[in-house]
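Enquirer: below are the sequence and a predicted model; questions follow.
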Amino acid sequence: MDPVSQGVVGAIAALCVARREQARPAALTGFVAGLLADVDVLIRSDVDPLLFLEYHRHFTHSLIFIPIGGLIAALLLWPWLRTRLDFARLYLYATLGYGSHGLLDACTTYGTRLLWPFSDVRVAWHTVAVIDPFFTLPLALLVALAVWRRRTALAWAGLLFGLGYLCLGAVQRERADDLLARVAQAHGHRIERGGAKPTLGNLLVWRGVYQFDGQLHAVALRPAVFGPDRVSPIAHTPRYDPARDTPWLAPDSRLERDVRRFAHFSDDWLSRVPGQDDLIGDFRYALLPDRTRPLWAIRLRPERRDEFADYVALREVGSDDLRRFLCMIAGTCLQPFPDD
């Protein structure tokens, strides 16, 4: 998730076991340790633009690395906190804060290598968006109150709230998955693979994606809270086919290897970017849940087949996009399903 969420959850993890008189240094330790796993964003290369994709949410986020990450965080903080905490306590708070990071990231949709080095599976539970103020702000308030009042019981309230919110996200995901299955069936489609993913800042509107008969489909889903379920029209685009779309791409060339790396990162949800045929994008994520234009892509050019692929971010946000997204959350620009 975003850095603020990671730090706040790390602080809560430390505060839950902290002594009352140690609330402030414990919260600071947990907050800093909760951020530390994202140091992997520094693993990048000017020559190889895809290197950062391979190593973000990699070994620093794995379960087996938690004791090491906690030790690193404790050693970094020891010079400033040694007069307030003994090292055993500092290490405990740092390890709990660090350990919360990978688990929280796994609750999002991006994929986290929790089981490295034993498995390369990118764990994603799809229960919360990478940015959700309805999750983060109440937790931040409880942490602030716990530190100010030196009442660690407030951290337990934060822990219960956070777990409850994530459980609500899991329930909503199941309801969105069920709605997606019904939408596909209504169109005569069989879902070969797919599922629903939360959209930014809410648990109401979900992006449903699925594959059927060589096509990738996207639809905005709003499982009913009050009134009927609501959906958008289905958008679709052909799944990327190397033989059809890039027949010039030589096997085992530098560019072809980068396509395979990007396919692994995106779980093989690749499609050409509409209107930009030299871009192959990650279909899982889009600015709006019913769009086929992805948030990121790689550029493939025949004249650069022996060079590394360029990474391209496609995140331009216009005022119309924001208005439409808010309209989807309100449900006013989505259609009732099934249609009456």
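Expert: Perfect, thanks for sending it. Keep in mind it's a predicted model, so treat the numbers as computed, not measured.
Enquirer: count the residues that sit near Phe161.
Expert: 15 (other CB atoms under 10 Å). C-betas here are computed from N, CA, C, even on glycine.
Enquirer: how far away is it from Pro138?
Expert: Going from Phe161 to Pro138 by CB to CB, to the nearest Å gives 6 Å.
Enquirer: mind checking how far Leu326 is from Pro117?
Expert: 43 Å.
Enquirer: more neighbours, the two?
Expert: Just comparing Leu326 and Pro117: by other CB under 10 Å the higher neighbour count belongs to Leu326, 14 against 10.
Enquirer: quick one: the helices in the stretch 51-200 of the chain?
Expert: 51-55, 66-81, 87-106, 133-149, 153-186 (DSSP state H, counting those that start in this stretch).
Enquirer: which of these has the lowest mean pLDDT?
Expert: Looking at the helices of the stretch 51-200 of the chain, the lowest mean pLDDT belongs to helix 51-55 (a mean of 92).
Enquirer: got the CA positions of that one in PDB?
Expert: Backbone C-alpha positions of helix 51-55 (Å, rounded to 0.1, in the frame of the first residue of the first chain) are rendered in PDB as follows:
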ATOM      1  CA  LEU A  51      14.500  -4.200 -13.300                       C
ATOM      2  CA  PHE A  52      12.400  -2.300 -10.700                       C
ATOM      3  CA  LEU A  53       9.300  -4.300 -11.600                       C
ATOM      4  CA  GLU A  54      11.100  -7.600 -10.900                       C
ATOM      5  CA  TYR A  55      12.400  -6.500  -7.500                       C
END
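Enquirer: and the contacts of it?
Expert: Asp40, Val41, Ile43, Arg44, Ser45, Arg261, Phe262, Phe265, Tyr311 (CB atoms under 8 Å, 6 or more residues apart in numbering).
Enquirer: quick check on these: which are buried?
Expert: Buried members of these, scored by 16 or more other CB atoms under 10 Å, are Asp40, Arg44, Arg261, Phe262, Phe265, Tyr311.
Enquirer: need those residues in JSON lines (columns: secondary structure).
Expert: Formatted as JSON lines, those follow (DSSP: H, G, I helix; E, B strand; the rest coil):
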{"residue": "Asp40", "secondary structure": "helix"}
{"residue": "Arg44", "secondary structure": "coil"}
{"residue": "Arg261", "secondary structure": "helix"}
{"residue": "Phe262", "secondary structure": "helix"}
{"residue": "Phe265", "secondary structure": "helix"}
{"residue": "Tyr311", "secondary structure": "strand"}
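Enquirer: re the thing from before, so which of the helices of the stretch 51-200 of the chain gets nearest Ala13?
Expert: Ala13 lies closest, by CB to CB, to one member of the helices of the stretch 51-200 of the chain: helix 87-106, at 4.2 Å.
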